[in-house]
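K.L.:
Quick check, what structure comes out for this input:
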Amino acid sequence: MVETVWIENTLFERREDVEIWWPEDQCEITVSVFWNISDLEVYYTKGQEAVAVSVIEKQVQEAHENAEVSSFSRETISNYLQITLRENRGAFEEYGVNFLRSFASLEDCIQE
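P.N.:
Okay, here's the model as predicted:
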């Protein structure tokens, strides 16, 4: 007998927004991470969406903390975060989540 697993929901793209304070320019950055479920069994075994979202938030925060803030222009912050999240895709995959892409928007920055 063959069991059928309903995987339609795994195909839908999800979006998680994480807000960060970037002190150098006194900017609030919203990092939007787009993801979907890559491994249904792992995803449901390891905690589902709440865990996936916390992993996303942790990865964004670590990328922010590891940055040499003074060396970034406003234009390069988004690129840096995108590259860092892509390089750390294993942290997402461990929970059955596939990192698709991200972007960052900056608000309330000090005018130069």
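
K.L.:
Find the helix or strand that E62 is a member of.
P.N.:
helix 48-66 (DSSP states H and E).

K.L.:
oh sorry, the question was meant for E28
P.N.:
strand 27-37.

K.L.:
Mind checking the pLDDT average for that strand?
P.N.:
For strand 27-37, the mean per-residue pLDDT is 83.

K.L.:
in its sheet, what does it sit against?
P.N.:
strand 14-22 (antiparallel), strand 97-107 (antiparallel) (DSSP bridges).

K.L.:
How far off centre is it?
P.N.:
Chain-centre distance of strand 27-37: 5 Å, with C-alpha atoms, centre = their mean, to the nearest Å.

K.L.:
So what angle separates the directions of that strand and helix 48-66?
P.N.:
140 degrees (axes from the mean of the first three to the mean of the last three C-alpha atoms, to 10 degrees).

K.L.:
If you count neighbours, what's buried in the following helix or strand past strand 27-37?
P.N.:
Helices and strands here follow DSSP H and E; after strand 27-37, the next one along the chain is helix 40-45. Within helix 40-45, the residues scored as buried using 16 or more other C-beta atoms under 10 Å are Y43. Glycine gets a C-beta too; all of them are placed from N, C-alpha and C.

K.L.:
name the helices or strands packed onto helix 40-45?
P.N.:
Helices and strands touching helix 40-45, as assessed by 3 or more C-beta pairs under 8 Å, 6 or more residues apart in numbering; DSSP states H and E, are absent.
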